[in-house]
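the following comprises the amino acid sequence and a computationally predicted model.
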Amino acid sequence: MNGFAHLPILPVVWPLFAGVLLLALRRAPLPVQRGVSLAAVLALLPLALALIDATADGSHLVYKLGNWVAPYGIVLVADRLAAWMLLTTALLAGFALLYALRGIDQEGRHFHVLFQLQLFGLNGAFLTGDLFNLFVFFEILLLASYGLLLHGGGRLRVKAGLHYVVINLVGSTLFLFAVGTLYGVAGTLNMADLAVKLAATPAENAALVQAAALLLFGVFALKAALLPLYLWLPAAYAHTSAPVAALFAIMTKVGAYSILRVYSLIAGGDAGPLAGLLDAWLAPLALATLALGMLGAVAATALRQQVAYLVVASVGSLLLAFGLGSADAVAAGLYYLPHSVFATAALFLVADSIARGRGRLGDAFESGPAMPNARVLGGLFFVAAVAVAGLPPLSGFLGKFMLLQAALDTRLTAWTWTVVLATGLLGVIALARSGSLLFYKTHGRDDAGTQVAPTTAALAPAAGLLLLVAGLTVWAGPASDFAAAAAAQLQAPQHYIDAVLGEAAAGDAR
Amino acid sequence: MEALIALVIGVLTAGGVFLALRGQTFPVVLGLTLLSYAVNLFLFVMGRLAIGVPPVISAAAEGYTDPLPQALVLTAIVISFGMTAFVIVLALKARAELGNDHVDGLAHEEDR
Amino acid sequence: MLITVIPIAYALVTLALALSFWRLLKGPDAPDRILALDTLYVNTIALLVLLGIHLGNAIYFEAALLIAMMGFVGTVALCKYLLRGDIIE
Amino acid sequence: MTLFFAVLTPFVGAALVALVSRLGRAHSAWAAGAVTLAALAWLLPLFPLPFEGLTLVQQQDWMPALGLNLAFRLDGLALLFAGLILGIGLLIVLYARYYLSERDSMGRFYAYLMLFMGSMLGIVLSENLIQLLIFWELTSLSSFLLISYWQHREEARQGARMALAVTGLGGFAMLGGFLLLGHIVGSYELSDVFASADHIRAHPLYVPTLALILLGVFTKSAQFPFHFWLPHAMAAPTPVSAYLHSATMVKAGVFLLARLYPALSGTPEWFWLVSGAGLATLLLGAYTALFKHDLKGLLAYSTISHLGLITLLFGLSTPLAAVAGVFHIINHATFKASLFMAAGIIDHEAGTRDMRRLHGLWRFMPYTATLAMVAAAAMAGVPLLNGFLSKEMFFAEAALISESLVGGWLLPALVTLAGALAVAYSLRFIHDVFFNGEPVDLPKTPHEPPRWMKVPVEILVVLCLVVGVAPAFTVAPLLAVAAAGTLQAPLPEYHLALWHGFNPALVMSLVALAGGALIYLARRPLTDWHERGLGRVDARVVYNALLQGTFALARGVTRLLDNGSLQRQVFFMLAAALVLGVAPWLAGGTPLTGDRDGLPLDAVSLTAAGALIAATFATVRWHRQRFVALVTIGVVGLVVSLIFVKFSAPDLALTQLSVEIVTIVLLLLALYFLPQHGAPERKPARAWRDGAIALAAGGGTAALAWAVLTRPYDTIAGYFLENSVPGGGGSNVVNVILVDFRGYDTLGEITVLALAGLGILAMIDGLRLAAPSRDDGGRSWDPDAHPAIMATLTRLLLPLALMVAVFILLRGHNQPGGGFIAGLITAVALIVQYLANGAEWTHQRMPSDSHPLIAWGLGIAALTGAASWLFGYPYLTSAHGHQHWPVVGDFELASAMAFDLGVFLVVVGATLMILLQLGGLHSMPRIKKEKS
Amino acid sequence: MRRLLPHPLLTLTLALLWLLLVNELSAGHLVLGAVLGWLIPFVTSPFWPERIRIRHLPTLLHYLGILIVDIVRGSFHVARLILRGPAHLRPAFVEVPLALRTDLAISLLANTISLTPGTVSAQLSGDRRTLIVHTLDTGDTDALVAEIKQRYESPLRKIFETGDESC
Amino acid sequence: MTDILLSLLILTGAAFTFIGSLGLARLRDFYTRLHGPTKATTLGVGCLLIASALYFSVRDEGISLHEVLVTLFLFITAPVSAHLLAKAALHLRVKSLAAVPRQRGEPHEPAE
Ligand code: NA
Ligand code: NA
């Protein structure tokens, strides 16, 4: 095994090591802790890029943990999709952490440990090739997210946190019911092996495995915040601290990722009772999610609530793309995914600066005092709003364009077009209203003493995230090509299966 | 026996669901605990029921039951323990922050 | 001989379980219920020991040991709650 | 990529302009001028190309796989518009320099203006339709910034939002249209689109394509019924109005009509939709303009009307009409820009734009008045001015078309009426403002504006005159090349001259002039009639109603779903699970019961299960008597462990038992701070609903379990049983799976536990809870905190319990046990010391900080996994082997044991951390207070 | 020595218990038992503030013998009472004045009382001089008190508090 | 012989277990109920454990004494539990058939 052979595990255990180190360093001077935390997050970037590079040729890197062969041991599988998710996470995490370093990390305890372990959970979920292990990493990222969500405390935050925790506990229960049933029928947990076994399910077990697979979908739908399971999201995202809300931009994508990963394998083929299982569910629900999310954004009474609803809407767009199912549509979704992550994260960070700049009034949609440094803040808000609304020329528009184009060849063309275009307009109306209210409709009195001027350190992470959006726009060609290649890879699950199980066939046990 | 176990799982689920739908934190915690019992049992019996054949390798053993669901349930028990502990403390935190033990922080008469 | 004795023993222990549980449901006071739970734990130990003899497998010993330990802790905690409210103070 | 750079220049320039504004007010004006000239400089060398009959296309890959590339095109039409945008843009830059007041930020204004200019330039120079749309939307965005420039004014904010909403609507529709067009053609490049014109018009998707694109065009060009946003956009500073509503923003719509004319026109659908909207807009705009008292309002409606005129011309679908349309685009740009600027001067110098107060300004500003009057005459279509020429071509086309139409007389009549109305409102502009008696309390005494403010107007007015007098020597080549670019075909025969002989068009012109004068004379009764009737109709009302309706709908729907209730969320989740779990069975074909044989029932199991079920019911029934519910749930946990024992899972039973007790201790700790009795149910119906859901969920899981349990299955279990001893070095297969086969899961699992501990610590930090001084029955607590008998004997038990823990830890690999259970036993043994002896006593005897335990545990587990890297094996690869030590003898040592030790430490640490944090909740603040 | 081997008796007991626990008598486990027997008291010695000294071993052994007999006797006695039915019971609370002074001895007495015929120690007074005992069925409370003091308390006093000197 | 002894032990153990619980169910106040489990049940389990030790010692031809540990544990803890339960019942003034002594036994001040 050469040195690169361990590449797939590194993005997972690296934050774990960092978390443990930070736990040991909990009494070390603050700059040391921050430095370690930041360095650890930054180190994820070259790892993710290396994975992008290693998977770019279409290969699946299979990593046998404990040197146990699949399907008996747990394997990590890095393909284009996984690498794409890891890169998105690494980029996002860097900027979210940078924003936290302005003092938010000191509003509660163990922020950095929780942050690192959150990344441990996320990266683990993106790389695992085992369904039960996916559950385990879901729980890690959830528990870390509980801690982060509640970081700093406060009435609304605690209430939102309680709702988030309870609903996710119910979701985890459902996950186990689903995994259990699948194991009870197919006798395996490895996703590739499950794909093989489930495809061969006899007819007398059809409804059973379908029920299990759909229950699993329910779990992923909850994480992804698909209608009607998104109600936890607006409050949770709107009331947590800004860097956490920014980091959470990736959380819903874990659900979306899981849907894509699991169902491209177990329902991706033409055979078996699961073929095309989600066709009837995903796209229609995604359309409704998009519509209701955007209506929520229109109805919002405060900026962060609005952004949270825009996250719901972005989930709708994303899952719509995945739900349409064609390679083009999935490619559109995968291109749109990092965009929506960066854009909503940036908007959360800007919203926080706005709330601080307006003093007691916070981010409520009411006429308030003029903000200090409003020009720069307004500029950032404008760009972030354009990005989130999916307006030209930024990548959100390009993603939407890809989606609409891809929808042309599907059975939901009219619905997709109507909803996507109409919600696009609603987004514009909603954000124009917010911007106009927050930045333009100011009254002369200022709220001296409570207003905090945004510093460069506060604005830079948001600007950085927006630069990522700009990068996705300028290099839309290569980015969308990679997304298309990843989508193509998902459309041919047999390669994944062969890569994972091939070695078992070769008899390389241990 | 299988029917009895299915019934037990069903009853635990039903009880858990009912309590999880209550409006105060304490019964919700109880409900989640019942649900975790239900799902742990469910996951466990996915290896089918077998008596007297624990998966401990020995010369005298007459056979072994499927060890994998047991390992999974062990993991699940530990995880749900951590989760339950967290939610219990969160219930206290909510009680402190919201002033009562309603899940939405509402006074009794505002119950939704 | 064991073959006839063990079912009888099972029956007795099972009845004991049922009686303890009945007391647990009946109460009427909290100490009654704790006592019933504690007794249930001990009954369970009896059941496990019987099971071990019945199946000829010593593997159930640890469970019995643990029930003895944990049952005690549970009872202590529940009593302490009744006495003091704050069980760790 | 010259064209690309030309488009890019204003965007880059915007930043530059904003930056130099720090150096001084005028600097940004100079910079803006320089940027405009720079953009022009990129283009000027290319301008001869269209005149040579060439079309320049420059292309750069962007998203080639999707047909979206950076592609620019310079043909006659693009040339005309680029010239207008930059030329008039330059004049606006100059004008605004003097128009803006001291309070207005120059940098911001010019930066927005440059953004807008670049966007416009992008539209007209685009070869790729999607790229065109991108710039199209950018004009909407940048015009939003420009219109709301005076952001403190309510009408500026509203006007900007309205413009954005309406043009945004059109933009999204147009995106759909372009996508369809690209789908039909297979490319978004204009060259390909033009080449497929016949294919497009014959395509079944032609009508939706056309409709969507026209929606974009009509909203942007303020065609009826989307015209209403334009007057409200007049809240912008006048230079902005002059720019947006003469040569740029609204012209983007008609530009697109011209641009796609070769591909889409010539069908009945095109004819009726385009000319119908154009005619309606023409009439409505002209009519409304007549009654506007605001100078800019009059000009705004006049603009709407002229845009209708141009649209109507393109709708007529004859080459000549198209030429006339292009010609009127030019003419309208010149006279309307100058009129807006003049209006701005009047506003600037007189302090109002209200024509009921502005009278007799001739006396104060004769020079400006002259310029305005000439421009207004051009607008009215008075001979010798450019407006007359294109309007006459328009009349001629209208007359010509009428011959081939049923009821054809109506069109010439209506356009003549529109011409008359235009004459009337132009007359009103001239007569009311400059003559018609004395001004009515003006805020300022008007006078001529600064010299350089007039220059742009002068230039434009001179253009109106020169073109009007000698079109053939001035505008003809430009018109020819622009018309050719529009038609993408050889030009029709036409003749630019003042005099075409006595023909229907001339008659119509004369009737319009005379009729206009008559209408103006009858303006008072007309105004009364208008204000009683049509004047009250306002499209904006509909818009506002729609908008308010949308907001109300959004609020309603959102509130309907999301009422902030957790119970509802859980309900949704469960309902979703039920639907998803049941749906597959509805199709039928799958039997619930399989054909696997089951185990026989026995009395002990039946009794235990009965107890479990009864205890579950008791927990539910008595959940409000919380202490009792705790006891009953304890029974449930106990029976669950019994089930594990019964069905051959000793490890599970041990774990379940330990977890059970810790959970009960936790719940007791929590219950101290919670009400000991729950509040009664307020909504009995809710309990019934939840009961139904609970029964359904219970039935569902029972059925699922039954379905699986009665079916045979193949499993990978055999591998673990075979490899546990040889491969994992342990005979307890469950433990070997946990620490070896699936050690990665366990690593995750202990991370969860560590996270729970740390999360709880973070959560409790600083938490204060009032400790009840009495129990629920009102009794004060027993004064004896640590009963001596309990304290003494539990101390005795500690070594015993620890030894059991070590025993369980060490044997775990081969017999039931392991790090997790051992950890829990240890934690429980220590917790009992707290219970029996108190926190203070215990803290004096052992370290109270569990962090090191967690850190060491996680670290050991994680690093044990990494150790295998040193030997070239994947993460978590275990090693094991027999050891022989003297005296001690043979024993098996596995790296998995180190891993299990890590598990042990984390479990001890996390459990202690959780329990002690919770236990210290009441006493912690007290101790802190004592310290300080 | 005291620091290195804080509780030799405990060490011995634990080593023995370890062998019971593993159910195996081998050299390896002897060593391991000894190591644990040393290590655990060493680690937990702060929890054992006072050194437990057995002052009179023969009395202890005798006491244990009595205890086992009494437990069996007591259990049969209680069983009979239970089977006879609740109507025939004469329950009572009695107060036992204590001569014992150390917590350990008092606790062991309380445990002994609870394990033996028909009595449960219910409450220890705050001054630790009186033990309230509940009895299931008694006619003569004074006789019961006397029996407890004579049969259990005085040997315990001898074992843990006075040893040979006072006896 | 072993078989008879074993059977006797098992039957005695089971019978005591039953009688202890019978007392718990049957007697009329908390304090009298407390006696059944505390003694009879403890002895019952003790007998069963000895039976188990005997059984495995004979079967595996080696001594099996770890059951002693459970017995030891029970004999130390059961009286403590009983004491705490009685103390709690006295504290809560649970109904008693016997006259409850004047609460002289209550300490005058908190222990710490
Ligand atoms: Na406490
Ligand atoms: Na006694």
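Received, thanks. Ligands and ions are numbered 1, 2, ... in the order given.

any part of the strand or helix carrying D:A670 near chain F?
For D:A670, the host element (DSSP states H and E) is helix D:650-671. No. Helix D:650-671 stays out of contact with chain F when judged by CB under 8 Å from any CB of the partner chain, the minimum separation being 13.1 Å. All C-beta atoms are positioned from the backbone trio N, CA, C, and that covers glycine.

what's that helix packed up against?
helix B:25-45, helix B:67-98, helix C:61-84, helix D:626-646, helix D:733-736, helix D:819-837, helix D:895-931 (3 or more CB pairs under 8 Å, 6 or more residues apart in numbering or on different chains; DSSP states H and E).

okay, helices next: where are they in chain C?
Here chain C has its helices, by DSSP state H, at C:2-26, C:30-55, C:61-84.

hang on, the earlier thing: the helix holding D:A670 close to ligand 1?
No. Between helix D:650-671 and ligand 1, judged by CB under 5 Å from the ion, nothing touches; the nearest distance is 6.5 Å.

mind giving me the packing neighbours of the very next helix or strand once past that helix?
Following helix D:650-671 in sequence order, the next helix or strand is helix D:684-709 (DSSP H and E). If contacts are counted by 3+ CB pairs under 8 Å, 6+ apart, helix D:684-709 sits against helix A:155-186, helix A:206-224, helix B:2-20, helix B:25-45, helix D:566-586.

looking at the helices and strands packed on helix D:650-671, which is nearest to C:V13?
Among those, the nearest to C:V13 by CB to CB is helix D:626-646 (11.8 Å).

near residue 48, how many other residues are there?
Since no chain was named, I'll use chain A. 24 (other CB atoms under 10 Å in any protein chain shown).

wait, chain F was what I had in mind.
F:L48 has 32 nearby residues by other CB under 10 Å.

so what's it closest to, chain neighbours aside?
Counting by CB to CB, 6 or more residues apart in numbering or on different chains, the nearest residue to F:L48 once its immediate chain neighbours are dropped is F:G13, at 3.6 Å.

domains for chain A, by residue range?
A:1-276+A:502-510, A:279-474 (automatic domain parsing).

the longest one and chain B, are they touching?
Yes. Judged by CB under 8 Å from any CB, domain A:1-276+A:502-510 comes into contact with chain B through A:132, A:136, A:139, A:143, A:146, A:150, A:153-155, A:158-159, A:161-163, A:165-166, A:169-170, A:172-173, A:176-177, A:179-181, A:183-184, A:189.

what subset of those is buried?
Among the residues of domain A:1-276+A:502-510 next to chain B, those scoring as buried are A:132, A:136, A:139, A:143, A:146, A:150, A:153, A:158-159, A:161-163, A:165-166, A:169-170, A:172-173, A:176-177, A:179-181, A:183-184, A:189 (criterion: 16 or more other CB atoms under 10 Å in any protein chain shown).

residues near residue 25, how many?
Here I'm looking at chain A. Neighbours around A:L25, by other CB under 10 Å: 17.

actually, chain D is the one I wanted.
Each residue near D:R25 was counted by other CB under 10 Å, and the total is 14.

what do you get for D:R555?
If you count neighbours by other CB under 10 Å, D:R555 ends up with 16.

so it sits against A:A300, correct?
No. Here D:R555 lies out of contact with A:A300, judged by CB atoms under 8 Å, at a distance of 9.4 Å.

which of the helices and strands packed on helix D:650-671 sits closest to chain E?
helix D:819-837 (6.6 Å; CB to the nearest CB).

report the distance from the closest one to the chain centre.
53 Å (CA atoms, centre = their mean, to the nearest Å).

quick one: the helix or strand just after that helix near ligand 1?
Scanning forward in sequence from helix D:819-837 by DSSP H and E, the next helix or strand is helix D:839-843. No. Remark: helix D:839-843 sits outside contact range of ligand 1, by CB under 5 Å from the ion, the gap being at least 7.0 Å.

and helix D:839-843, what does it pack onto?
Using 3+ CB pairs under 8 Å, 6+ apart, helix D:839-843 is in contact with helix D:819-837, helix D:895-931.

can I get those in TSV including mean pLDDT, distance to D:P584 and mean neighbour count?
Putting these into TSV (pLDDT from 0 to 100; distance: least, CB to CB, whole Å; neighbours: other CB atoms under 10 Å in any protein chain shown) gives the following:
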stretch	mean pLDDT	distance to D:P584	mean neighbour count
helix D:819-837	92	37	26
helix D:895-931	77	39	22
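
let me have those in JSON lines, extended by distance to chain C.
Formatted as JSON lines, the helices and strands packed on helix D:839-843 follow (distance: least, CB to the nearest CB, whole Å):
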{"stretch": "helix D:819-837", "distance to chain C": "5"}
{"stretch": "helix D:895-931", "distance to chain C": "3"}
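
so for F:L27, which of these sits nearest?
Ranking the helices and strands packed on helix D:839-843 by their distance to F:L27 (criterion: CB to CB) puts helix D:819-837 first, at 28.7 Å.

what helices and strands are in contact with the closest one?
With contacts taken as 3+ CB pairs under 8 Å, 6+ apart, helix D:819-837 sits against helix C:61-84, helix D:650-671, helix D:788-811, helix D:839-843, helix D:895-931.

ok, now which ones touch D:S605?
B:M1, B:L4, D:K646 (CB atoms under 8 Å, 6 or more residues apart in numbering or on different chains).

wait, which of those is closest to chain C?
For the contacts of D:S605, the nearest to chain C is D:K646 (7.5 Å; CB to the nearest CB).

low-confidence ranges in the chain?
No chain was given, so I picked chain A. Within chain A, the segments meeting pLDDT under 70 span A:1-3, A:444-448, A:503-510.

ah, no, chain D please
By pLDDT under 70, the low-scoring segments of chain D are D:922-932.

near chain D at all, stretch A:249-260?
No. Residues of stretch A:249-260 are not located near chain D by CB under 8 Å from any CB, the shortest gap being 13.1 Å.

circling back: I'd like to know which of the helices and strands packed on helix D:684-709 is closest to D:L630.
Using CB to CB, the helices and strands packed on helix D:684-709 put helix B:25-45 closest to D:L630, at 8.1 Å.

just how off-centre is that closest one within its chain?
The mean C-alpha position of helix B:25-45 is separated from the chain mean by 2 Å, CA atoms, centre = their mean.

which phi and psi does residue 25 have?
In the absence of a named chain, this looks at chain A. phi -90, psi 20 (degrees, to the nearest 10).

what does D:L68 give?
The phi/psi pair for D:L68 (degrees, to the nearest 10) is phi -110, psi 110.

list the contacts for the closest residue to it other than its chain neighbours?
Distances taken as CB to CB, 6+ apart put D:I130 closest to D:L68, at 4.8 Å, once the chain neighbours are dropped. Each residue near D:I130 by CB under 8 Å, 6+ apart is listed here: A:F401, D:G67, D:L68, D:L175, D:F178, D:G182, D:Y188.
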